[in-house]
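> Return a 3D structure for these sequence lines:
(2 chains)
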Amino acid sequence: AQKITQTQPGMFVQEKEAVTLDCTYDTSDQSYGLFWYKQPSSGEMIFLIYQGSYDEQNATEGRYSLNFQKARKSANLVISASQLGDSAMYFCAMREGVNTGFQKLVFGTGTRLLVSP
Amino acid sequence: DAGVTQSPTHLIKTRGQQVTLRCSPKSGHDTVSWYQQALGQGPQFIFQYYEEEERQRGNFPDRFSGHQFPNYSSELNVNALLLGDSALYLCASSQGTHAGVSYEQYFGPGTRLTVT
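Here you go, the predicted structure:
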């Protein structure tokens, strides 16, 4: 069964610094997708970045980049130049069985990021 | 362009009662998924609807049921509520369920259900 592990319950970073949020995954499938979502206190899950298992290059979206190491089964999120508005919960998620057409996401337990001035 | 909307925002129910939560997908999306997020946890997949049928289901009892309407909106019904059903219920929509493609799922703001 697929599983997402986020070992950092909380992370602190100063404004304008970079931070890495860890994510490891476990799956027996060859075709899968990895997502990162941000959840502010309002509750809405905001999509940040996506990496497909067959993508050779690491995904980037503005200040967000995904450090994908397939052999180590890790998909860490790197936020460059942190801003106060980045303070939120961050969830790593995986979609297994891309070839099935199903869209179920499996989430980790999340990391709470606090950005200080 | 309206995103995913959910109603109601908050709901308080008594143990044993039944509840219906509603979701309207983002414009152009035809697939709706429901997730339950307990306090301090990541969301857990309940089920997914496409073409008015339940296509995939997570590890939830039959007390959890759903429906998708021709306009792609969806309802989540929970019968015989338990205290443990208290959670944030998130609806997510996406463009389809075609094999070989990962579609970004857009989430709504959620419905916070409290069972007393």
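> confidence score at the residue of chain A found nearest chain B?
Nearest to chain B, among the residues of chain A, is residue A:107, at 3.3 Å (CB to the nearest CB). C-beta coordinates here come from the backbone N, C-alpha and C atoms, glycine included. On pLDDT, residue A:107 comes in at 96.
> How about the backbone phi and psi for the residue nearest to it when sequence neighbours are not counted?
Take residue A:107 and drop its neighbours on the chain: the residue closest to it by CB to CB, 6 or more residues apart in numbering or on different chains is residue B:42, 3.3 Å away. Here is the backbone geometry of residue B:42 (degrees, to the nearest 10): phi -80, psi 160.
> Residue B:42 against residue A:111, yeah?
No - when contacts are counted by CB atoms under 8 Å, residue B:42 is not listed as touching residue A:111 (10.5 Å).
> Let me know the secondary structure of the residue nearest the centre of chain B.
Closest to where the C-alpha atoms of chain B average out (CA atoms, centre = their mean) is residue B:34, at 2.7 Å. State at residue B:34, reduced to three classes by DSSP: H, G, I helix; E, B strand; the rest coil: strand.
> cool, and residue A:57?
Going by three-state DSSP: residue A:57 is coil.
> what's around it, how many residues?
As a burial measure, residue A:57 scores 7 neighbours (other CB atoms under 10 Å in any protein chain shown).
> Same check on the one 10 residues further on?
Taking other CB under 10 Å as the neighbour definition, residue A:67 ends up with a count of 15.
> Give me every residue in chain A lying close to chain B.
With the criterion set to CB under 8 Å from any CB of the partner chain, chain A comes near chain B through A:4, A:31, A:33, A:35, A:37, A:42-47, A:50, A:52, A:91, A:93, A:95, A:98-110.
> Filter those down to the ones in helices?
Counting by DSSP state H, no part of the residues of chain A next to chain B is found in helices.
> CA atoms only for stretch B:42-50 - export them in CSV, please.
C-alpha atoms of stretch B:42-50 as CSV (Å, rounded to 0.1, in the frame of the first residue of the first chain):
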residue,chain,number,x,y,z
GLY,B,42,-3.8,14.8,6.6
PRO,B,43,-6.9,14.4,4.4
GLN,B,44,-8.2,10.8,4.0
PHE,B,45,-9.8,9.8,0.7
ILE,B,46,-13.5,8.9,1.0
PHE,B,47,-14.6,8.4,-2.6
GLN,B,48,-14.6,9.9,-6.1
TYR,B,49,-17.4,10.5,-8.6
TYR,B,50,-17.2,10.7,-12.3
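> Show me what it is in contact with.
For stretch B:42-50, contacts defined as CB atoms under 8 Å, 6 or more residues apart in numbering or on different chains pick out A:4, A:45, A:91, A:93, A:102-110, B:30-38, B:54-60, B:64, B:66-68, B:74, B:76, B:90, B:96-97.
> Check stretch A:78-85 too.
The contact list for stretch A:78-85, computed with CB under 8 Å, 6+ apart, reads A:13-21, A:63-67, A:86, A:113, A:115, A:117.
> Pull out the buried residues from stretch B:32-50.
Buried positions in stretch B:32-50, judged by neighbour count with 16 or more other CB atoms under 10 Å in any protein chain shown: B:32-37, B:42-50.
> what two of these are the furthest from one another?
Spanning the widest gap among the buried residues of stretch B:32-50 are B:42 and B:50, at 23.1 Å by CB to CB.
> Could you check how far stretch B:8-26 is from the centre of its chain?
10 Å (CA atoms, centre = their mean, to the nearest Å).
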